[in-house]
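Peer 1: Just need the structure, nothing else, for what follows:
(one chain, ligands or ions: 2)
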Amino acid sequence: MKDSFNREIDYIRLSVTDRCDLRCTYCMPATGMCFLKKEEVLSLEEILFLVENLAAQGIKKVKITGGEPLTRKDTIPLIKAIKAIQGIEKVTLTTNGIQLDKYASALKTAGLDGINISIDTLDPDEFRKITRVGELERVLNGLRKAVAVELPNIKVNTVARGELTAKEICTIAKFAKESPIHVRFIELMPIGLGKGCPGKTQEELISVLQDNYGVLTPFEQRLGNGPASYFSIPHFKGKIGFISALGHCFCAECDRIRFTADGSLKTCLHMEDGCNVKEALRTENKELLLEQVFTAIQQKPEKHHFLENQGDSRLMSQIGG
Ligand code: SAM
Ligand code: SF4
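Peer 2: Ligands and ions are numbered 1, 2, ... in the order given. Sure, this is the predicted structure:
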């Protein structure tokens, strides 16, 4: 499938729930969330109908996200079933890692091709402050378990909050120094509660890392699905990546569309666009589904407009980051 800017769309990001067991300050409010009702959320069968039909149109990569995907009971059977769909080459997961200790083995058996674990700080008190309810040790246990069961392509994602200290930046980067884990710093995006939150730029982070670890050399090879630009640091086993949607716009290479947990199709993270495919999935109406997807892809914007307007009014947990 190609959009009107000749970009090949071969990647879908599927949010499987809007619920979460954390309440990160830049993502969800402490209280008062209004979650989707169970019957509004796409079922396993509906998601499989979606992926099967899109795989037949050239979708090759699937990311499972949320909310927190490991709070949904059938996420692992879902991953296993998506892996079995003809044409799907890679299924990966983004998680906060809170329940990873429990599920790492099953994810490995399900055939997961890669996992991104979000860790914003290695200071337990700061972690509790950011996530409001989270215990850092549980996430670290999950990460250790993922390494122990040899889950492939483990990456750590850190939101580049304005409060990140030089010490924290270096401690998090150490994951990549000591093991072949890639650490990616994600620029804070003005979405939901992220609007108005201060962030650090890629340049500020690079400067801290260079002061402490030596020169960062661009690593040209593509790693994983995404828009991260990677750098090597001498004596580091993993790479350091930056996902900087605002500072280093990567829209020209965008290869993805997204579906929220209730079937809303989004062709750009920033924009409230697309349509809802739930009815087409519920009635197994393949023609309607493909018509909706093709039309949306033709209307996929050339680039985001984060700097010019407010965009989607939903929270990141409701969109699927
Ligand atoms: N719960 C899972 C997790 O935290 O990894 C998956 C969903 S979460 C919305 C996906 C990613 O989006 C996380 O790495 C999170 O830190 C990031 N995120 C949330 N809000 C953001 C924002 N405003 N700007 C940049 N990244 C954000
Ligand atoms: Fe939950 Fe992930 Fe949002 Fe944090 S960033 S509240 S873990 S969905």
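Peer 1: hang on, H235 packs against A176?
Peer 2: No. Contact criterion CB atoms under 8 Å: H235 and A176 do not qualify, at 10.4 Å. All C-beta atoms are positioned from the backbone trio N, CA, C, and that covers glycine.
Peer 1: what about those two, which has more around it?
Peer 2: More crowded of H235 and A176, by other CB atoms under 10 Å: A176, with 24 against 8.
Peer 1: what comes up buried for the helix or strand that contains the more buried one?
Peer 2: In the assignment (DSSP states H and E), A176 maps to helix 166-178. Neighbour counts over helix 166-178 (16 or more other CB atoms under 10 Å) mark E168, I169, I172, A173, K174, F175, A176, K177 as buried.
Peer 1: ok, now stretch 122-138?
Peer 2: Within stretch 122-138, the residues that count as buried by 16+ other CB under 10 Å are L122, E126, F127, I130, T131, G134, L136, R138.
Peer 1: How about P227, nearest residue that isn't a chain neighbour?
Peer 2: Using CB to CB, 6 or more residues apart in numbering and skipping the chain neighbours, the partner closest in space to P227 is F250 (3.9 Å).
Peer 1: Over to L50?
Peer 2: L281 (5.7 Å).
Peer 1: I'd say that neighbour and L290 touch.
Peer 2: No. The pair L281 / L290 is not scored as a contact, 11.8 Å apart, by CB under 8 Å.
Peer 1: could you list every residue that touches V293?
Peer 2: If a contact means CB atoms under 8 Å, 6 or more residues apart in numbering, then V293 has M1, L54, Q57, I257, L265, V277 as its contacts.
Peer 1: Let me see the mean pLDDT of the helix holding A176.
Peer 2: Rounded to a whole number, the mean pLDDT of helix 166-178 is 96.
Peer 1: And stretch 88-95, by the same measure?
Peer 2: Averaged over stretch 88-95, pLDDT sits at 98.
Peer 1: got the residues of the stretch 101-250 of the chain near ligand 2?
Peer 2: Within reach of ligand 2 by CB under 6 Å from any ligand atom, the stretch 101-250 of the chain has these residues: S118.
Peer 1: Would you state the helices of the stretch 101-250 of the chain in chain order?
Peer 2: 124-131, 136-148, 166-178, 202-213 (DSSP state H, counting those that start in this stretch).
Peer 1: Looking at those, which is nearest to R222?
Peer 2: Each of those was scored for nearness to R222 using CB to CB, and the closest is helix 166-178 (17.3 Å).
Peer 1: Residues of this structure that sit close to ligand 1?
Peer 2: Counting by CB under 6 Å from any ligand atom, the residues of the chain that sit close to ligand 1 are 20, 26-27, 65-66, 68, 94-96, 118, 157, 159, 186, 188-189, 191, 194, 316-317, 321.
Peer 1: Of the residues you listed, which belong to strands?
Peer 2: Within the residues of the chain next to ligand 1, residues falling in strands by DSSP state E are T65, T94, T95, S118, N157, V159, I186.
Peer 1: Show me what the first one bridges to in the sheet.
Peer 2: Here T65 sits in beta bridges with S15, as judged by DSSP bridges.
Peer 1: pretty sure it contacts S15?
Peer 2: Yes. If you go by CB under 8 Å, T65 and S15 touch, sitting 5.3 Å apart.
Peer 1: More neighbours: those two, which one.
Peer 2: Between T65 and S15, counting by other CB under 10 Å, S15 is the more crowded of the two (28 against 23).
Peer 1: which residues touch the more buried one?
Peer 2: Counting by CB under 8 Å, 6+ apart, S15 makes contact with T65, G66, G67, R258, F259, T260, A261, Q318, I319, G320.
Peer 1: which of these are close to ligand 2?
Peer 2: Counting by CB under 6 Å from any ligand atom, G66, G67 from the contacts of S15 sit close to ligand 2.
Peer 1: From the contacts of S15, which one has the minimum pLDDT?
Peer 2: Lowest pLDDT of the contacts of S15: G320, 80.
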